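K.L.:
here's my sequence, what's the structure:
(one chain, ligands or ions: 2)
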Amino acid sequence: MKRFWVPLALVVALTALAVLVVAPAPTLTVPVTAASAAANNVLPGDANDDAVVDMSDVVKEERCILELDTDCAPGADADADGDLDMGDVLTTEFIIMAQP
Ligand SMILES: [Ca+2]
Ligand SMILES: [Ca+2]
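P.N.:
Ligands and ions are numbered 1, 2, ... in the order given. Model (predicted):
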């Protein structure tokens, strides 16, 4: 019986891996109605508009992406591409990690 389950488990694992590798990643993009951060000379990543980029901005961006908040500052568009998505969250985290 074990001879049957081991190859079956291997096939299931490889199929799941193939689905993860081949399938395109879902995208979640929420347009930002305010102009991008670069256009307004605002602090990139400052989603809550307190003139500091910290983890509260990451939380704010995530809440705006999930439409739990609607008052994200233009700095939420941290990568200045005109929309708010997980790329901005990552960019904000990179900004935070680059701070001394
Ligand atoms: Ca902030
Ligand atoms: Ca963006």
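K.L.:
lowest-scoring secondary structure element of the chain by mean pLDDT?
P.N.:
strand 30-31 (a mean of 51; mean pLDDT, DSSP states H and E).
K.L.:
so which bits of the protein are right by ligand 1?
P.N.:
Residues of the chain lying close to ligand 1 by C-beta under 5 Å from the ion are 46, 48, 50, 52, 57. Just so you know, the C-beta spots here come from the backbone N, C-alpha and C atoms, and that holds for glycine as well.
K.L.:
any chance of those residues in TSV, with distance to residue 79, secondary structure and neighbour count too?
P.N.:
Formatted as TSV, the residues of the chain next to ligand 1 follow (distance: C-beta to C-beta, whole Å; DSSP: H, G, I helix; E, B strand; the rest coil; neighbours: other C-beta atoms under 10 Å):
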residue	distance to residue 79	secondary structure	neighbour count
46	13	coil	24
48	17	coil	21
50	20	coil	14
52	19	coil	12
57	13	helix	29
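K.L.:
out of these, which one sits closest to residue 85?
P.N.:
residue 57 (14.8 Å; C-beta to C-beta).
K.L.:
which residues are in contact with the residue nearest to that closest one when sequence neighbours are not counted?
P.N.:
With sequence-adjacent residues excluded and distances taken as C-beta to C-beta, 6 or more residues apart in numbering, residue 57 is closest to residue 47, at 4.2 Å. Taking C-beta atoms under 8 Å, 6 or more residues apart in numbering, we find residue 47 in contact with 57, 58, 60, 61, 64, 72, 73, 75, 76, 78, 92.
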